[in-house]
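Peer 1: Need a 3D model of the following:
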Amino acid sequence: ESASRTIYEVFSIALLVFDAVTLPYTLAWSVPEEGFWMVAVWCIRLFWSMDLILSFFTAYQTRDLKTERHLPLTARHFLRTWLLFDAALVISDWCDSGMPGLRLMRVGRLGRFIRLFRQSQRMYLLLQKVKAMLYIKIAHLVIDITILVLVLMWLAHVLCCFWYMIGKHEEGSDTGATWLSSGEYSKVGVSYEYLTALHWSLTQITPASMEGSPKCSAERLYNVFVIFAGFVVGSSMVATLTAMMTQYRMQLGERMRKMRQLHDFLVQENTGKVLTRAIKVQINSVLRHRQKLRANQVEL
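Peer 2: Below you'll find the predicted structure:
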């Protein structure tokens, strides 16, 4: 793909990440679209409206793995696949700009939240491009672990925002109290409210604890759901991280075994220290660079 297309994809991913972080917060705390938030929302609306038009011209891969770039075919492919869904999301973006109101604002923001899952393939493909440019295995491991930690933090962020949304609706509590009304949280400020909710969400997916607890049936039901989800997601992430580390250790162990074997051979042949060091440096340099695969090395 061209460099301009790659830059365009990076910018779209940046907007998706911005939405992923800010949407749960603005929904939970009912942040009005003023100042910075208004500029950001208008940029998002304009970008995805333009992206909807450009999708008619975007090439796609056919079943026989050919890249189709002809406009009539790309337009027809988009019409048959994602046009209605993407158009509905763009309309939801604009519905709260022409018709202001809290409910319509939430519809627009929920539409942007749904777009995160629709455009998740873009994030995956861009990540694969980055990893394809890096041959060093440790770089792949660092990227995978970083993505895993960021996903975990994002899940905690989303859970804490929903926890706050439930806590601020005291009128819907069957006990007349919520975790937010039972403490001094609302008197301190938004920052402390968010940090407290984030602390609570992290304790549900990690073996930690805090003083906050559910005060009504809705909060307790949500707490049970989060504990169950945290058990499943936390176990899966730990297993994934363990598998990544095991695979890397196996690769590193194989390389170290070969280097020890080389060292034993050089000692056996009584090579000098200077020559031994030069040979090891050369071997390490060769191993760090990408080597071409032969046909008989491909297992598939």
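Peer 1: Tell me the spatial nearest neighbour of residue 196, not counting adjacent residues.
Peer 2: Sequence neighbours aside, residue 185 is the residue nearest to residue 196 in space, at 5.6 Å (criterion: CB to CB, 6 or more residues apart in numbering). C-beta: built from backbone N, CA, C; applies to glycine.
Peer 1: Do you know the pLDDT at that neighbour?
Peer 2: Note on residue 185: pLDDT of 70.
Peer 1: which residues does it contact?
Peer 2: Residues in contact with residue 185, defined by CB atoms under 8 Å, 6 or more residues apart in numbering, are 192-193, 196.
Peer 1: Just the buried residues out of those, in PyMOL syntax.
Peer 2: Entered in PyMOL, the line below selects the buried ones among the contacts of residue 185, by 16 or more other CB atoms under 10 Å:
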select buried, resi 193+196
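Peer 1: Could I get the contacts of residue 185 in TSV, plus columns for pLDDT and distance to residue 207?
Peer 2: Below are the contacts of residue 185 laid out as TSV (pLDDT from 0 to 100; distance: CB to CB, whole Å):
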residue	pLDDT	distance to residue 207
192	89	24
193	90	24
196	90	19
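Peer 1: Can you list which of the contacts of residue 185 are found in strands?
Peer 2: Cross-referencing the contacts of residue 185 against strands under DSSP state E gives no overlap.
Peer 1: Report the separation between the residue nearest to residue 196 and residue 151.
Peer 2: 27 Å (CB to CB, to the nearest Å).
Peer 1: Secondary structure element for the closest residue to residue 110 other than its chain neighbours, which one?
Peer 2: Nearest residue to residue 110 in three dimensions, chain neighbours excluded: residue 92, at 7.3 Å (CB to CB, 6+ apart). In the assignment (DSSP states H and E), residue 92 maps to helix 83-98.
Peer 1: Which strands or helices does that helix pack on?
Peer 2: Applying 3 or more CB pairs under 8 Å, 6 or more residues apart in numbering; DSSP states H and E, one finds that helix 83-98 makes contact with helix 36-54, helix 102-118.
Peer 1: so how far is it off the chain centroid?
Peer 2: Distance of helix 83-98 from its chain centroid, counting by CA atoms, centre = their mean, to the nearest Å, is 23 Å.
Peer 1: What lies in contact with that helix?
Peer 2: Residues outside helix 83-98 that contact it (CB under 8 Å, 6+ apart): 33, 41-42, 44-45, 48-49, 51-52, 55, 104-105, 107-112, 114-115, 118.
Peer 1: buried subset of those residues?
Peer 2: Listed as buried from the contacts of helix 83-98 are 33, 41, 44-45, 48, 51-52, 55, 105, 107-109, 111-112, 115; burial here means 16+ other CB under 10 Å.
Peer 1: Kindly indicate which of those residues lies nearest residue 18.
Peer 2: Proximity of these to residue 18, judged by CB to CB, is greatest for residue 44, which lies at 7.8 Å.
Peer 1: Quick check: the closest one vs residue 165, distance?
Peer 2: The gap separating residue 44 from residue 165 is 22 Å, by CB to CB.
Peer 1: swap in residue 56?
Peer 2: For residue 56 relative to residue 165 (CB to CB), the value is 38 Å.
Peer 1: For the chain, just list every one of the helices.
Peer 2: 3-28, 36-54, 71-80, 83-98, 102-118, 120-132, 137-168, 185-188, 190-205, 217-268, 273-288 (DSSP state H).
Peer 1: can I get these in JSON lines with distance to residue 63?
Peer 2: What follows is the helices of the chain, written out as JSON lines (distance: least, CB to CB, whole Å):
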{"stretch": "helix 3-28", "distance to residue 63": "23"}
{"stretch": "helix 36-54", "distance to residue 63": "24"}
{"stretch": "helix 71-80", "distance to residue 63": "12"}
{"stretch": "helix 83-98", "distance to residue 63": "20"}
{"stretch": "helix 102-118", "distance to residue 63": "22"}
{"stretch": "helix 120-132", "distance to residue 63": "18"}
{"stretch": "helix 137-168", "distance to residue 63": "30"}
{"stretch": "helix 185-188", "distance to residue 63": "56"}
{"stretch": "helix 190-205", "distance to residue 63": "41"}
{"stretch": "helix 217-268", "distance to residue 63": "32"}
{"stretch": "helix 273-288", "distance to residue 63": "39"}
